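> I would like the atomic coordinates for the input below:
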Amino acid sequence: MRISEANVGQTYPPTPPYEVSRAKITEFAAALGDSNPAYAGPTPIAPPTFAVVLSSEAWGALFADPALDMHLRRTVHVDQRFVWDRPLRLGDAIVAQLTIEKVRARGNSAFVTIAVVLTTTEGERVCTASSTLLHTWPEENVA
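Numbering: from 1, shown residues only. A predicted model of the protein is given here:
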């Protein structure tokens, strides 16, 4: 089998909690070359794209699901969007939960839209990271 429109709505268990640390905020901001003072000081927030670190952890469930026959090495990340409820803050313990939102399969490829909801371990929604992935299968696997 492989991913199809029948998988729309499928949700995977949340990831283990990830604690947003000062060191990780500092490292991420430095990697971006962003010296925004909001990312430092006594109560820093994380740069908005830091959500990728957390949401990509949830992708593991998608690629580990044998029923979908998807492999990271055959996937291109086409689009990324974030809808924020509030910034990621120092000390937040965040879990990420992935849902398949849309699948357009044609021949040996599929566009797959996923949403990863980031919440605190207390259940407060922080962000929804939506991605569109393009996955291809080898020609010999075309059904």
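> Does the residue nearest in space to the middle of the chain lie in a helix or a strand, and which?
Residue closest to the mean C-alpha point of the chain, counted by CA atoms, centre = their mean, is Ser55 at 2.7 Å. Using DSSP states H and E, Ser55 falls within helix 51-64.
> and the residue nearest to Leu133 when sequence neighbours are not counted, helix, strand or coil?
Of all residues not flanking Leu133 in the chain, Val112 sits nearest, at 4.7 Å (CB to CB, 6 or more residues apart in numbering). The C-beta positions use only the backbone N, C-alpha and C, and glycine is treated the same way. Assigned with DSSP: H, G, I helix; E, B strand; the rest coil, Val112 falls in the strand class.
> Quick one: residues in contact with stretch 37-57.
Stretch 37-57 has contacts (CB atoms under 8 Å, 6 or more residues apart in numbering) with 15, 18, 20, 22, 24-26, 28-29, 32, 34, 36, 80, 82, 84, 87-90, 94, 96, 98, 116, 118, 127, 129, 131.
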